[in-house]
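Visitor: Just the structure for this:
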Amino acid sequence: MLKSERSVARRWWHDRPLVALLALFVVVAPLVTSRIYASDEIQYFAYTHSLFFDGDLDFSNQYLHFYESDRVKFQAIYEDLYLKHEPETDLPINVAPIGTGLLWMPSFAAAHGFVLVTSAMGVDILANGYSQPYIAAICLTSYLYGCLGLLLCYLLAKRLFGSGVAALAVAAIWLATPLVFYTVVAPPWSHATSLFTVTLFLWYWNRTRRKEGRSLREWALLGASAGLMMLVREQDALFMVVPATEAALALVGDWRAKAQALTANIKRWVVGLLLMGVIAALVFIPQLLAYRVITGRFGPSKVVAGKFTWTAPNALNVLFSPEHGLIPWTPVIVLVLFGLLLLWRKDRTLTLALSVAFLLQVYVAGSFLTWQSAGSFGQRRFINSTSIFVLGACALVAWALANGCPRWLVAGVAALFVAWNAGLLMQYALWCSPQRQGLDWAAVLKGQLEMPGRAAGLIWDYLTDRQRFYRQTRQC
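Guide: Numbers count the residues shown, from 1 in each chain. From the prediction side, this is the model:
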């Protein structure tokens, strides 16, 4: 790095949009909810707790703890997790990947140290891994991973569109999509960590993308980041299609230009991609070992396999169905996808590679029989594509500004989508469980019109009595 570049790097605080984005992260942090309640969350947490306290992958005591803490609330945990055992090992099932639990481990260990110190000072806190400091640690850590992922989205977008457009797009996509729910309201899922690991991979891929190619060290680091995102969610491995698409486009260009170095370039790309794949596979070994211990084989539980079909019969549903389709629940995506078309004029390789990656996510999400993610807020399986959405939003905003659209109007449209998502989130807190399975448009529109009058009370409950906010469904 040149001296002038180092000087600029030191003066990051002069980047006002970046400072504003960081300030937004800090302001929102106190709103993060520290609780674990859903089946998936408990399965991620079970890895962390069992490895730290028991040194094994037998989750019986973890599942039983939650059930005994509230037998009504966690009845499904008892029936669907504690009582269901893998036939080959007789261990309770756990269909969650291990990555999120591992990424929580440092903060969980720090929380344990904090509890031991405070207990020695006479403070009555149980050092059992379930008390509030432990739960707060993993929830805030998920939020931190989400913020780091958004920061990487910003850095990725800034290279193409500048800091102002990038910061606006990041803030809008965060607050106008289900991502805000899974980083603030319900952080102990895998989606915040998935956002971080996928965006890290895409950011580093783009950062090392140049005409002369990557060094072997860069390919190895790219592979390590790929392995990390695979540990968090196996389907995130499909993002490795991005450098593969880059390679294909580069070689097609060489072939059309009849480049004399075509053979050498083929070898260079093949070696790089193979190295990336090998390193990714090595980093993924902890998941394979976890499979072997829990299921008795180097593969996931048959419970997962039974929910998946290669024909992807629900590929259109995950995009357009009012049940849990991406576009009905998150209408800003319509503009974002249009923005991806505009991105083509800016960077064709980037656009095509990200488009292929997004279509593969549509395919894999549509291959699950449980594509609706029933009871979830929005189509959460696309949170890993946040960086793609940010770049699409950037391209659209840049195009609008270049064609004379006032900045206030651009910001106003973004604010409308944020307000719509906030209203939908508050309605979600009020809905009965059956209403969370799909959108009833008449009820949704009626609720959105009524929400300004109810928002103050709901926000007050969320700020002052979080449990009351989550018990709003008592009205059903």
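
Visitor: so residue 58 touches residue 47, yeah?
Guide: No - contact criterion Cβ atoms under 8 Å: residue 58 and residue 47 do not qualify, at 11.5 Å. No exception for glycine: its C-beta is placed from N, CA and C like everyone else's.

Visitor: Which of those two has more residues huddled nearby?
Guide: residue 47 (23 against 16; other Cβ atoms under 10 Å).

Visitor: Let me see the contact set for the more buried one.
Guide: Listed by Cβ atoms under 8 Å, 6 or more residues apart in numbering, the contact set of residue 47 reads 57, 94, 96, 98, 100, 101, 102, 290.

Visitor: Show the contacting residues for the third one.
Guide: Residue 96 sits next to 40, 43, 44, 46, 47, 190 when contact means Cβ under 8 Å, 6+ apart.

Visitor: what sits against the first one?
Guide: In other words, residue 40. Counted by Cβ under 8 Å, 6+ apart, residue 40 has contacts 96, 189, 190.

Visitor: now do 10 Å
Guide: Contacts for residue 40 (Cβ atoms under 10 Å, 6 or more residues apart in numbering) come out as 95, 96, 100, 186, 188, 189, 190, 191, 373, 376, 380.

Visitor: which two from the residues you listed end up farthest apart in space?
Guide: Spatial extent of these (Cβ to Cβ) is set by the pair 95 and 186 at 18.3 Å.

Visitor: between those two, who's got more neighbours?
Guide: More crowded of residue 95 and residue 186, by other Cβ under 10 Å: residue 186, with 24 against 19.

Visitor: tell me the pLDDT at the more buried one?
Guide: Here the pLDDT value assigned to residue 186 is 93.

Visitor: Spit out the contact partners of residue 78.
Guide: 63, 64, 66, 67, 68, 71, 84.

Visitor: Near the closest residue to residue 235 other than its chain neighbours, how many other residues are there?
Guide: Setting aside the residues directly before and after it, residue 235 is nearest to residue 364 in space (Cβ to Cβ, 6 or more residues apart in numbering), at 4.8 Å. Residues contacting residue 364 under the criterion other Cβ under 10 Å number 21.

Visitor: shaky segments in the stretch 51-200 of the chain?
Guide: Across the stretch 51-200 of the chain, nothing is flagged by pLDDT under 70.

Visitor: The stretch 201-350 of the chain too?
Guide: 259, 305.

Visitor: show me where it has strands.
Guide: With DSSP state E, counting those that start in this stretch as the criterion, the stretch 201-350 of the chain has no strands.

Visitor: mind listing the helices for it?
Guide: Assignment of helices within the stretch 201-350 of the chain using DSSP state H, counting those that start in this stretch yields the ranges 216-232, 241-256, 262-283, 285-295, 302-305, 317-320, 326-329, 332-346, 348-366.

Visitor: Which one of those lies nearest to residue 451?
Guide: Among the helices of the stretch 201-350 of the chain, helix 326-329 sits nearest to residue 451 (Cβ to Cβ), with 15.9 Å.

Visitor: Which strands or helices does the strand or helix carrying residue 400 pack on?
Guide: Under the criterion of DSSP states H and E, residue 400 resides in helix 386-402. Where contact means 3 or more Cβ pairs under 10 Å, 6 or more residues apart in numbering; DSSP states H and E, helix 386-402 is packed against helix 132-161, helix 163-175, helix 191-207, helix 332-346, helix 348-366, helix 407-430.

Visitor: buried subset of the contacts of residue 78?
Guide: Buried members of the contacts of residue 78, scored by 16 or more other Cβ atoms under 10 Å, are 63, 64, 66, 67.

Visitor: Nearest to residue 248 among the residues you listed?
Guide: Residue 248 lies nearest to residue 63 out of the buried ones among the contacts of residue 78, by Cβ to Cβ, at 45.8 Å.

Visitor: what sits against the closest one?
Guide: 39, 42-43, 46, 74, 77-78, 80-84, 92-94.

Visitor: got a winner among these for most neighbours?
Guide: When neighbours are counted by other Cβ under 10 Å, residue 94 leads the contacts of residue 63 with 28 neighbours.

Visitor: Looks to me like it is in a strand.
Guide: No - counting by DSSP: H, G, I helix; E, B strand; the rest coil, residue 94 falls outside a strand, being coil.

Visitor: and the gap between the nearest residue to residue 315 once chain neighbours are set aside and residue 312?
Guide: Once flanking residues are discounted, residue 315 sits nearest to residue 366: 3.2 Å by Cβ to Cβ, 6+ apart. Using Cβ to Cβ, to the nearest Å, residue 366 is found at 4 Å from residue 312.

Visitor: overlap in contacts of these two?
Guide: Common neighbours of residue 366 and residue 312 (criterion: Cβ under 10 Å, 6+ apart): residue 318.

Visitor: Check whether residue 36 sits in a helix, strand or coil.
Guide: Applying three-state DSSP: residue 36 is coil.

Visitor: my read: it touches residue 129, true?
Guide: No - the pair residue 36 and residue 129 does not pass the contact test of Cβ atoms under 10 Å, sitting 11.4 Å apart.

Visitor: which residues do the two both contact?
Guide: In contact with both residue 36 and residue 129: 45, 135, using Cβ under 10 Å, 6+ apart.

Visitor: Next, the distance between the ends of stretch 251-267.
Guide: Terminal residues of stretch 251-267 lie 11 Å apart, using Cα to Cα, to the nearest Å.

Visitor: From the chain's centroid, how far away is it?
Guide: Its chain's C-alpha centre and that of stretch 251-267 lie 37 Å apart, by Cα atoms, centre = their mean, to the nearest Å.

Visitor: List of residues touching it?
Guide: Under Cβ under 10 Å, 6+ apart, the answer for stretch 251-267 is 213, 247, 250, 268, 269, 270, 349.

Visitor: before we move on, what about stretch 206-215?
Guide: 152, 155-156, 159-160, 204-205, 217-222, 242-243, 246-247, 250, 265, 268-269, 272, 275-276, 347, 349-350, 353-354, 387, 391.

Visitor: Quick check: buried residues in it?
Guide: For stretch 206-215, a neighbour-count test (16+ other Cβ under 10 Å) marks 206, 208, 209, 213, 214 as buried.
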